[in-house]
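Engineer: this one's sequence-less:
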């Protein structure tokens, strides 16, 4: 990330990162090593702070940072983000809730992650029209269900002497609790075999709402390459970084399989990392 500061300081519209969660584990894909997540707590938190400081420098004044963590590190990360960005730059804590995985018998099962969203400046980019979901035929607040002359179903409620009408087929902005985006199942065709892979629909909601079309996205823990794939598909350019060989191999394989072909360049930074940089989607991959 530090190598990006000189040429690209203040140029990124969105930094979307799914870093290690401080699990204390080593992750494998089958028998292939993916990454270590067993750094001492003080070292892990210092690394988070360092990357947050670099993220702030790399973002545009209208840029956003999304940090995807779980209950092991989200609270500490929010305190660090308050220090680096300022508490007034906090935008959202998005709760991504899911039902897959095992069930604890000694406590309520942990079935959610937190996505912390912070803004670089006072007026961050946000476009909720890109991510609306259909309101749906669900009973709400004892509203009266009716049908108009065109056959469209709607609900009405009267408040302060005024009648409000809400159509079932209209789109509404999701709240900050996301229960409609499923975790990837074992046989999901989207799966690459990379551990801790996140679904494309999750990244698509973040990228479409928090980065303008044609904007520049950074993922500095690119893992399976989901952010790069979604950014390409939605008309954004991107830079993806990872220290793991499996992450770079998985990301480049996914990009090469995309249609139309994606142009990108892989630059190895010996001995620690590699950067994958997107170009015009219309050109053949190289």
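Structural biologist: Noted; the coordinates are in hand. If you're wondering where the values come from, they're calculated on a predicted model, not measured in any experiment. Numbering: from 1, shown residues only.

Engineer: what bits of this structure have low per-residue confidence?
Structural biologist: By pLDDT under 70, the low-scoring segments of the chain are 137-141, 270-271, 279-286.

Engineer: So which residues of it form helices?
Structural biologist: Counting by DSSP state H, the chain has helices at residues 2-8, 41-58, 74-85, 200-210, 226-233, 245-256.

Engineer: if I read this right, residue 125 contacts residue 210, doesn't it?
Structural biologist: Yes. The criterion here is Cβ atoms under 8 Å, and residue 125 meets it with residue 210 at 6.5 Å. For the C-beta atoms, the positions are set from N, CA and C on the backbone; glycine is no exception.

Engineer: Show me the common contact partners of these two, please.
Structural biologist: The contact sets of residue 125 and residue 210 overlap at 13, 64 (Cβ atoms under 8 Å, 6 or more residues apart in numbering).

Engineer: Who has more neighbours out of those two?
Structural biologist: residue 210 (27 against 19; other Cβ atoms under 10 Å).

Engineer: which non-adjacent residue is nearest that one?
Structural biologist: residue 64 (4.4 Å; Cβ to Cβ, 6 or more residues apart in numbering).

Engineer: gap between residue 58 and residue 184?
Structural biologist: 29 Å (Cβ to Cβ, to the nearest Å).

Engineer: likewise residue 216?
Structural biologist: 27 Å.

Engineer: and this structure, what are its domains?
Structural biologist: 2-132+173-278, 133-172 (automatic domain parsing).

Engineer: winner for burial among those domains?
Structural biologist: domain 2-132+173-278 (a mean of 17; mean count of other Cβ atoms under 10 Å).

Engineer: Give me the distance between the two termini of that one.
Structural biologist: Domain 2-132+173-278 has an end-to-end distance of 19 Å (criterion: Cα to Cα, to the nearest Å).

Engineer: Can you give the distance from that domain to the centre of its chain?
Structural biologist: From the chain centre to the centre of domain 2-132+173-278 is a distance of 5 Å (Cα atoms, centre = their mean, to the nearest Å).

Engineer: From here on, call the first residue 298.
Structural biologist: Noted, 298 is the first residue going forward, which turns the last one into domain 299-429+470-575.

Engineer: residues touching the closest residue to residue 387 other than its chain neighbours, list them.
Structural biologist: The shortest distance from residue 387 to any non-neighbouring residue, by Cβ to Cβ, 6+ apart, is to residue 415 (5.9 Å). Residues near residue 415 by Cβ under 8 Å, 6+ apart: 361, 362, 364, 378, 382, 386, 387, 388.
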